[in-house]
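> Have a look at this prediction, sequence included:
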Amino acid sequence: MARLTISPQAELDVAEIVNMIAKEAGPDAARRYRESLDNLFERFAVFPGSGASRTRLGPRIRIGVVSPYVAVYEFEADHVVDLRVLDGRRRITRRIIRQ
């Protein structure tokens, strides 16, 4: 199992997403999204190469999806860093994931 680090920005992204879903769809929907994202992060730690490679964003960048959100992570050796969780309908660039 790889060591998992969730960046402060990814934590903030998830908090904002969960709060927005709670307001728009209710607390049960927000809880389901939070659980789905937590499960996705755990999958990254157990199966770090399972995300789709996105080399245009960086040589070690991969993604996982909890629709419509995309979790962007970097995988190297035995360490996974969740960088951002973004709305997948937007154009995701290197600059955005490093903000």
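Now that the structure is in, tell me what you want to look at.
> Would you indicate which residues of the helix or strand containing Asp38 are buried?
Element membership for Asp38, per DSSP states H and E: helix 27-46. Under the neighbour-count criterion of 16 or more other Cβ atoms under 10 Å, helix 27-46 has Ala30, Tyr33, Arg34, Leu37, Leu40, Phe41, Phe44, Ala45 buried. Placement of C-beta: from N, CA and C, glycine included.
> just stretch 14-30 next, same as before
Result for stretch 14-30 [16+ other Cβ under 10 Å]: buried residues Val14, Ile17, Val18, Ile21, Ala22, Ala30.
> neighbouring contacts of stretch 29-45?
1-4, 6, 14, 17-19, 21-22, 50-51, 62, 64, 66, 69, 71, 73, 75, 80, 82, 85 (Cβ atoms under 8 Å, 6 or more residues apart in numbering).
> Quick one: the helices in this structure, in order.
Counting by DSSP state H, residue ranges of the helices within the chain are 8-25, 27-46, 94-97.
> Compare those and report which one is nearest to Arg56.
Minimum separation from Arg56 across the helices of the chain (Cβ to Cβ) falls at helix 94-97, 8.1 Å.
> Now do the closest one: which elements does it pack against?
Packing contacts for helix 94-97, counted by 3 or more Cβ pairs under 8 Å, 6 or more residues apart in numbering; DSSP states H and E, involve strand 79-87.
> Adjacent strands (with direction) for the strand it packs on?
Counting by DSSP bridges, the strands paired with strand 79-87 are strand 3-6 (parallel), strand 69-76 (antiparallel).
> That one to helix 8-25, inter-axis angle?
40 degrees (axes from the mean of the first three to the mean of the last three Cα atoms, to 10 degrees).
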